[in-house]
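> Compute the structure for the input listed below.
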Amino acid sequence: MTQPMDQFDFVIIGAGAGGEAAAFKARRRGASVAIVDRDLFGGSCPFWACMPSKTLLHAAGVRAVGGDYDWRHAAARRDYMINREDRDYPDDSGHVKGLEKAGATVIRGEAHILGSGRVQVRTVSETRELTTKNIVVATGSVSKIPDLEGLADVHPWTNRDATSTEDLPASLLVLGGGPTGVELAQVFARYGVPTVVVEHNHRLLARDHPRNSAAVEAGLTRDGVTIRTGVRAVRARAHAGQDGAHIIDLDDGTTATGHEVMVAIGRDFRLAGLGLESLGIDPSKRDGIPHDGRLRIADGLFIIGDPAGPELHTHVAHYQGEMAVRMALGDDIRPDYRALPRATYTDPEAAFVGVSLEEAQAAGSNAFELVQDLATTAKGYVAEASGHVTIVVDRASRTLLGAAMAGPAASEVIHEAVLAIKTSTPIDVLADTIHAFPTAARVLGSLFAEAADQLV
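Numbers count the residues shown, from 1 in each chain. So this is what the prediction gives:
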């Protein structure tokens, strides 16, 4: 049954962090909105990714220092956080009600773009055609499964399986040493699961600052994780190991084993089948998605979140959702990614914003770097913590270009550096700012003061 066409200012395809942010921003600006998703409103973050993984990291952290937080209680708390108590599947009604309260039209169904300003939605009971001034594609991403011989027989875990499992595996092999891989490896290792991480780059967190990589690797090693870097999986042999463990053959001739194998090597974007071809866009091509720096890929068509880049973070998707709506409504703005924070929530936490010294110098900056070993600071002493704080400063502009840190509250402290880079705050102002003692922020402030002295 096909219903008559509905007219909206925005039709948003995908109701994850980016789609929700776009919907709420559009409604606050008085625009009419239809938001469509075929699965959970709220997307991966609250149900399969950010919230359950951080909840499990918290539980594992309590247990690591002797707290009474066994896996049964950790899994129950996780289920509470993702609205899965006494259910087989999470309940997204809170997200639906929030969108409806804001005045958005919520449609659970499969969306297909028919052409400029036209979207067809198939629900379980009907087919609707929506017309709109603006289409926002916010379809997120899914775990990339490599084309590896024998892997299908292993039935590998993705992050979704790892964050929702009710039972601890006998052992775990993680393919991929990015944020997802290292966070979940630490969770299971702290619950006594023999855990191996295999990463083809020569260090974990290859896109993070090298000192952050070293700090996180030390933390995982302390917790019993076996780390194999600089090697790549070439074949999987299901149940070929001791007690039925899976064997992964590596390209250096060695093997790694696990009763469960989790794949965390990257993400695939869910653009196929959306009908982008009707607007002259072929998402199957390597450079099939055009970018104008304003998230617009065709007239009246925006793409936000993971498929838009430049990085795959919930906070980037949220930012882009609001930016796309503002630009569509005529605001003279464009996304600014100079101060894009990254955070990994292991113990120790790691955070990074801006550029490293090598990146700054490669871009032509007359930059210098200052580094403080966190363990030898007041914060390190009182918290029995190791790590570092690193800043990169441009001599010519006397501004901060980058900051990296690993240690307690790194994901929180980094935001002073984020704001400083965003606003090009002079180092002299940062050095003259009072930082509470004894905090990790105080360590950052001391480096600002040292940098100001070097610039005299």
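
> Tell me which residues of stretch 239-252 come out buried.
For stretch 239-252, the buried set under the neighbour-count rule, 16 or more other C-beta atoms under 10 Å, comprises 240-241, 245-250. For the C-beta atoms, the positions are set from N, CA and C on the backbone; glycine is no exception.

> mind giving me CSV with these and columns for pLDDT and secondary structure?
Shown next, in CSV, are these (pLDDT from 0 to 100; DSSP: H, G, I helix; E, B strand; the rest coil):
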residue, pLDDT, secondary structure
A240, 97, coil
G241, 96, coil
A245, 98, coil
H246, 98, strand
I247, 98, strand
I248, 98, strand
D249, 98, strand
L250, 98, strand
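
> For A403, grab the count of nearby residues.
A403 has 28 neighbours, counted by other C-beta atoms under 10 Å.

> any idea which helix or strand comes after the helix or strand it falls within?
Following DSSP states H and E, one finds A403 within strand 399-406. As assigned by DSSP H and E, the chain's next helix or strand after strand 399-406 is helix 410-423.

> Who are the packing partners of that following helix?
Helices and strands touching helix 410-423, by 3 or more C-beta pairs under 8 Å, 6 or more residues apart in numbering; DSSP states H and E, are strand 342-344, strand 350-354, strand 399-406, helix 440-454.

> mind checking which of the ones you listed is nearest R211?
The closest of the helices and strands packed on helix 410-423 to R211 is strand 399-406. By C-beta to C-beta, the value is 6.1 Å.

> Poorly predicted segments of the stretch 51-200 of the chain, please.
For the stretch 51-200 of the chain, no stretch has pLDDT under 70.

> Over to the most centrally placed residue in the chain: give its phi and psi.
Centroid-nearest residue in the chain, with C-alpha atoms, centre = their mean: H313, separated by 3.4 Å. Main-chain dihedrals, H313, degrees, to the nearest 10: phi -140, psi 150.

> That one: what's its closest spatial neighbour, skipping adjacent residues?
R342 (7.1 Å; C-beta to C-beta, 6 or more residues apart in numbering).

> how close does A441 get to N366?
A441 sits at a distance of 27 Å from N366 (criterion: C-beta to C-beta, to the nearest Å).

> Name the residue in those two with the higher neighbour count.
A441 (22 against 11).

> Where do the helices of the stretch 251-400 of the chain begin and end?
Using DSSP state H, counting those that start in this stretch, the helices found in the stretch 251-400 of the chain span residues 314-328, 357-362, 378-383.

> Give me whichever of these is most buried.
helix 314-328 (a mean of 23; mean count of other C-beta atoms under 10 Å).

> tell me what it is packed against?
Here helix 314-328 touches helix 17-28, strand 127-137, strand 301-303, going by 3+ C-beta pairs under 8 Å, 6+ apart.

> what about 10 Å?
For helix 314-328, the elements it packs on are strand 2-13, helix 17-28, helix 44-47, helix 50-64, strand 127-137, strand 296-298, strand 301-303, strand 342-344, judged by 3 or more C-beta pairs under 10 Å, 6 or more residues apart in numbering; DSSP states H and E.

> Output these in CSV; the columns should cover distance to T390.
Formatted as CSV, the helices and strands packed on helix 314-328 follow (distance: least, C-beta to C-beta, whole Å):
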stretch, distance to T390
strand 2-13, 39
helix 17-28, 29
helix 44-47, 29
helix 50-64, 24
strand 127-137, 37
strand 296-298, 36
strand 301-303, 34
strand 342-344, 14
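
> would JSON lines of those with distance to P156 and mean neighbour count be doable?
Output for the helices and strands packed on helix 314-328, formatted as JSON lines (distance: least, C-beta to C-beta, whole Å; neighbours: other C-beta atoms under 10 Å):
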{"stretch": "strand 2-13", "distance to P156": "28", "mean neighbour count": "19"}
{"stretch": "helix 17-28", "distance to P156": "26", "mean neighbour count": "26"}
{"stretch": "helix 44-47", "distance to P156": "17", "mean neighbour count": "23"}
{"stretch": "helix 50-64", "distance to P156": "17", "mean neighbour count": "20"}
{"stretch": "strand 127-137", "distance to P156": "28", "mean neighbour count": "21"}
{"stretch": "strand 296-298", "distance to P156": "32", "mean neighbour count": "19"}
{"stretch": "strand 301-303", "distance to P156": "29", "mean neighbour count": "25"}
{"stretch": "strand 342-344", "distance to P156": "22", "mean neighbour count": "22"}
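
> among these, which is nearest A206?
strand 342-344 (12.1 Å).
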